[in-house]
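Enquirer: got a sequence here, can you model it:
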Amino acid sequence: MNFEKMIEAMTPDVYGALKRAVELGKWPNGERLSQEQRDTSLRAVIAYEHMREMPDDRRVGYIDRTRPDGKQHGCDPLLPDTLKILTEQ
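Expert: Presented below is the predicted three-dimensional model:
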């Protein structure tokens, strides 16, 4: 079974268990995840969320930048920064 088919077949319970394992760094039985297991599990969780088109606020890594007045904290990290070059004359 390839990675995509595994993600398509993943149940919400398996998704939840993988997500929890990545958060805690250990499996439900208490055994620690290796770095490779953690990386693969996180990749599977992100792929599952993308495939199921979950809302942004329910995805792993989401940061709510909304202030109480409805505006956003800070700038959008995806927008390019303007660089101002000062020269001496």
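
Enquirer: measure the residue nearest to Lys19 when sequence neighbours are not counted to Leu86 for me?
Expert: Closest residue to Lys19 apart from its sequence neighbours, by CB to CB, 6 or more residues apart in numbering: Val45 at 5.0 Å. Yep, even glycine has a C-beta here, placed from its N, CA and C like the rest. Using CB to CB, to the nearest Å, Val45 is found at 45 Å from Leu86.

Enquirer: what of Gly25?
Expert: Gly25 is 46 Å from Leu86, where distance means CB to CB.

Enquirer: higher neighbour count, the two?
Expert: Gly25 (11 against 4; other CB atoms under 10 Å).

Enquirer: with just CA atoms, put stretch 50-61 into PDB.
Expert: Output of stretch 50-61 as PDB, limited to C-alpha atoms (Å, rounded to 0.1, in the frame of the first residue of the first chain):
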ATOM      1  CA  HIS A  50      -5.300  18.300   3.400                       C
ATOM      2  CA  MET A  51      -7.100  15.400   1.800                       C
ATOM      3  CA  ARG A  52     -10.200  15.900   4.000                       C
ATOM      4  CA  GLU A  53     -10.100  19.700   3.300                       C
ATOM      5  CA  MET A  54     -10.300  20.500   7.000                       C
ATOM      6  CA  PRO A  55     -10.800  24.200   7.900                       C
ATOM      7  CA  ASP A  56      -7.500  26.000   8.700                       C
ATOM      8  CA  ASP A  57      -8.400  26.500  12.300                       C
ATOM      9  CA  ARG A  58      -8.600  22.700  12.900                       C
ATOM     10  CA  ARG A  59      -5.300  21.900  11.200                       C
ATOM     11  CA  VAL A  60      -1.900  21.100  12.800                       C
ATOM     12  CA  GLY A  61       0.200  24.200  13.200                       C
END
